[in-house]
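J.: need the 3D shape of this:
(chains A, B and C)
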Amino acid sequence: MSVDTDVKTLVIDEQEVSARSGQTILEVARENDINIPTLCHLEGLSDIGACRLCLVEIKGSNKLLPACVATVQEGMEVSTDTERLRKHRRTVLELLFAERNHVCSVCVSNGRCELQSMAQEQGITHIRFPYRHAAYSVDASHERFTADHNRCILCLRCVRACAEVEGAHVWDVMGRGIDCLLITDLHEEWGRSTCTRCGKCVQVCPTGALFDKSKIGSDHPKYPDFLPFLNLMREAQ
Amino acid sequence: MTIEELEQIALSVRQENAKYDYELNVCMDLACASQGAEKLKDALVKAAEAGAKRVLVRRTGCMGPCSHGPLVRIDPDETLYSRVQAEDAYRIVASLGGALAAGLECDLHEHFDSQVRVVLENAGYIDPEKIDDYIARDGYKALLTVLTEMTPNGVTHRITESGLRGRGGGGYPTGLKWGTVAKAAGNQKYVVCNGDEGDPGAFMDRSVMEGDPHRVIEGMAIAAYAVGANKGFIYVRAEYPVAVSRLTTAIREARRRGLLGNNICNTVFNFDVEIRLGAGAFVCGEETALIASIEGKRGTPRTRPPYPAASGLWGKPTLINNVETFANIAPIVRNGGKWFHDMGSERSKGTKVFALTGKIANTGLVEVPMGIKLREIIEKIGGGVPEGHTFKAVQTGGPSGGCIPAEMLDVGVSYDALLKMGSIMGSGGMIVMDDTSCMVNVARFFVEFCMTESCGKCIPCRAGTAQMHTLLTKISNGTGTLEDLELLEDLCSTVKEASLCGLGQTAPNPVLSTLKYFRHEYIEHIIEKRCRAGVCAMEISAEVTA
Amino acid sequence: MAAFIPPPLPSEDKRWKIVNGTMRKNGFARHALIETLHTVQSSFGYLDDDAIRFVAQSLRVPLSQAYGVVTFYHHFSLKPPGRHTLTVCAGTACYIKGADKLIAAAEERLGIAPGKTTADGEVSLMMARCVGACSRAPVALCDGEVHGEMTCRHLCEQLERWKAQ
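T.: This is a model prediction of the structure:
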């Protein structure tokens, strides 16, 4: 097979782009500075297509595809920013805000939160849905970190970082549907779990759900960029 | 096992049966069993032993008209007795060869006349725990014919020619699916039977697994030959313990007869089947979730592609069909693709088994040619809504389906027609509702179902169904507003279009279809604070708001 | 790398041997998790932390993953069941025919919500997602035995019978 057949050309938002076979729409879009919003996606982790923010339209198909997992096809015409997509994105974000207790003003991640900035980016000014106001626990048993389930959006970045990169798989999800809850080990306290205390889960958490205790009251940036680097170094070994 | 040996077994069963003057077939399916069929069978055995005539008492799977159970059919006369109790046993045995036992006979001609039985051809005629009973009714003949006379491609071609479409709900062309798996690269492939019949109100798959388990195994083995698989799994829901035990027996018997295992029919074909138990999760009916569950994980669906045909169980090419689909395979192989193709409507071929339940005279399982009018199923076969009440809607397709109103009853049943009406075929549940059912309440019931069955992975389904439920609760208790209704419709479109898997994508269907046909009931709840069916308790009375 | 040695059985209880048997039959493969949990549930009636830990460690499944599986599937119970179990089917056909009234009657009579067991450990009240006996709706299961066309009166009589035992 010649190398040429591995190259695909396609159109994203009326811009002609080329891609390697097997690349996702999201990868190609970002290479070409086309912004597709994401929450559960994080470079360096496997993709699960769960947050549905990266849905895009494909010409000739009524089905919306998640750009983070859908691979490029020769000649496909992708739209990433239509009114239909914007509407779904706004609704998905509103659903997240109404699901748990995201009160930005009292959150450690205020100003550094991906959910918050995504809402601003998508022009959300108010939430149409009734807030569920369910009370979630805060697990402060760990000597360094805190898990505040009120802020969790179940993106599963922490689960994937712990299982795929750290290799410990201390985090997972219990229950199902609206009752899903992040757990460590057998739903035990984080501080008493088999946690390796590496802190990767905290760095990849997009909101204030997992945070560093020492940062309370101060600016709390997170640094998830180490993941691709770590993967690269491990592959090189 | 060779074809000659198979025919020898069939012959000896027929010879054995011929020794009896009469056969008393007792339906022991769940519905009849719940009305005392077990005791009845024991009593009939006793009575038969005491009587002078040679009588064979046989337990069978579901005969169909469950509301008339416990059922006993007497052959060769084909007399059907309904609502039989153990006390009637001596009377029935004494009546053999004479006048019918008074008060037990039932005339269900209307019910049976329009039915065509393919999947249910053995239901009521064989003992599900006896492989030889199945063999005597042409069982495993198709498998051995395929192994000795047909190429894998030839088998797939015959299934394609038949026009069979997946009976699990989606209606994907079965032949096309088989062809894709057959073409997929790799030495290890799997065949999976989806017996996770999760749609509440549908029980045809349970009935087939319990009443005619070998039919499923034979269909799977033929499929395995066609696609090049050597291992099969039947995924059965934990709520069906009898199906699990019947299938376990059937697999053991098939192995003993050399119809499963290595070198089947002295060929190089190897195939074996294992049962995997579900554990109470509706979403596991979705094929990628089902695969995750067989792999021992949480039953969360993943995005497709890759489809299981390319990357399924443990990443290997996997064919997944549901129970009723596999149950159609042997008859298609035996009778030819054209025979099947000649039945049904233009784009939906063959027959379909429906579970008729709800407010209808004859509840139970019916099998009809595709294309038959809904009215015929409900009014003729089902005997209509019991007197004193009027038909309001029939719900098809389970929680992913919709409610079809009276004015649409003259539409012929097919995948496409049901879709056009805002419902789906689904697995074939038909729940009839009358004027005592409130459509807002019904919509809320289904949304509650989807909410608790959502796996929680994607946001539109996890949080969206919960919000739909909140809004529907408000509307049903009289505290909803017209703005809530608008918001509900808007939310439905996002849940439908943005959810990851079929559960979320179809969860709004019961809401959208009731809004389409019964919008006035929603408006009554909101404006008049009134539930015409008297089901919903209003938190605000009309007088207060007036 | 050292060969993997499965953990010792949690106690002398013979039922652990049955559990171990399921895992051995499946070659201690990770995918046997749900099969094994079924064996635990049918042997012990429920799954406690010790059981989940033992199974997870034997199959080399992360603890959180095993717990995630147990709590995902509604068939698995983390608490011991009552001496008797009343299960009311809440499928569509049963609902249309008044299963909600049966549930309300059982709740009132037992003073517990579905999914709970009475304080004396006598009766567990459960709801099922369709047992497939829809043609005889509404349906209830008394200790697993299917009863069709159930009425509130029959249901209460059954509860009385259990009480009298």
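J.: rest of the way, CA atoms for contacts and neighbours
T.: Will do.
J.: how near is the residue nearest to B:E295 when sequence neighbours are not counted to B:I523?
T.: Using C-alpha to C-alpha, 6 or more residues apart in numbering or on different chains and skipping residues adjacent in sequence, the residue nearest B:E295 is C:H31, 4.5 Å away. Using C-alpha to C-alpha, to the nearest Å, C:H31 is found at 51 Å from B:I523.
J.: closest to the centroid, which residue in chain B?
T.: In chain B, the centroid-proximal residue (C-alpha atoms, centre = their mean) is B:M204; its distance is 2.9 Å.
J.: report pLDDT for that one.
T.: Looking at B:M204, its pLDDT reads 96.
J.: correct me, but it touches B:V353?
T.: Yes. In terms of C-alpha atoms under 8 Å, B:M204 counts as a neighbour of B:V353; the distance is 6.6 Å.
J.: tell me the helix or strand right after the helix ranked longest in chain A.
T.: Ranked by number of residues, the top helix in chain A under DSSP state H is helix A:83-99. Using DSSP states H and E, the helix or strand that follows helix A:83-99 towards the C-terminus is helix A:114-121.
J.: now for that next one, which elements pack on it?
T.: helix A:83-99 (3 or more C-alpha pairs under 8 Å, 6 or more residues apart in numbering or on different chains; DSSP states H and E).
J.: can you confirm whether the helix it packs on lies near chain B?
T.: Yes. Using C-alpha under 8 Å from any C-alpha of the partner chain, helix A:83-99 reaches chain B at A:H88, A:T91, A:V92, A:L95, A:L96, A:E99.
J.: how far away is the first one from A:C51?
T.: Right, the one you point to is A:H88. 11 Å.
J.: residues from chain C in reach of chain B?
T.: Chain C comes close to chain B at residues C:30-35, C:65, C:68-69, C:72-76, C:91-94, C:96-97, C:129-137, C:145-148, as judged by C-alpha under 8 Å from any C-alpha.
J.: residue contacts, the residue nearest the centre of chain A?
T.: In chain A, the centroid-proximal residue (C-alpha atoms, centre = their mean) is A:C40; its distance is 1.9 Å. Contact analysis of A:C40 by C-alpha atoms under 8 Å, 6 or more residues apart in numbering or on different chains lists A:D47, A:I48, A:G49, A:A50, A:C51, A:C155, A:L156, A:R157.
J.: the fifth one contacts A:L156, doesn't it?
T.: No. Contact between A:C51 and A:L156 fails when scored by C-alpha under 8 Å: they sit 10.0 Å apart.
J.: is the residue in the stretch 401-546 of chain B that chain C sits nearest to part of a helix or strand, or is it coil?
T.: The stretch 401-546 of chain B approaches chain C most closely through B:I431 (6.3 Å), counting by C-alpha to the nearest C-alpha. Secondary structure, DSSP: H, G, I helix; E, B strand; the rest coil: B:I431 is strand.
J.: so A:C51 and A:L156 - more neighbours on which side?
T.: Each of A:C51 and A:L156 has its neighbours counted (other C-alpha atoms under 10 Å in any protein chain shown); A:C51 has more, 27 against 24.
J.: tell me the spacing between that one and A:C180.
T.: Here the criterion is C-alpha to C-alpha. By it, A:C51 lies 15 Å from A:C180.
J.: please apply the same query to A:Y131.
T.: To A:C180, A:Y131 is 17 Å away according to C-alpha to C-alpha.
J.: equivalent analysis for B:G296, please.
T.: 19 Å.
J.: neighbour count: those two, which is higher?
T.: Neighbours were counted for B:G296 and for A:C180 using other C-alpha under 10 Å; B:G296 has more, 22 against 19.
J.: pull up the residues of chain A that are close to chain B.
T.: Counting by C-alpha under 8 Å from any C-alpha, chain A sits next to chain B at A:48-52, A:55, A:63-64, A:69-70, A:88, A:91-92, A:95-96, A:99, A:128-130, A:154, A:176-180.
J.: in space, what's closest to B:G401 - neighbours in sequence excluded?
T.: Counting by C-alpha to C-alpha, 6+ apart, B:G401 lies nearest to B:S423, which is 4.5 Å off, once chain neighbours are set aside.
J.: tell me how many other residues surround the one you found.
T.: A count of neighbours around B:S423, defined by other C-alpha under 10 Å, yields 26.
J.: before we move on, what about the one 3 residues further on?
T.: Counted with other C-alpha under 10 Å, the neighbours of B:G426 add up to 23.
J.: which stretches in chain C count as helices?
T.: With DSSP H as the criterion, chain C has helices at C:15-25, C:33-44, C:49-59, C:63-72, C:92-96, C:99-110, C:152-164.
J.: which one of those is the most hemmed in?
T.: For the helices of chain C, ranked by mean neighbour count under the definition mean count of other C-alpha atoms under 10 Å in any protein chain shown, the leader is helix C:92-96 at a mean of 28.
J.: who in chain C is up against chain A?
T.: Listed as neighbours of chain A in chain C under the rule C-alpha under 8 Å from any C-alpha: C:D49, C:R53, C:P62, C:L63, C:S64, C:Q65, C:A66, C:Y67, C:G68, C:V69, C:T71, C:F72.
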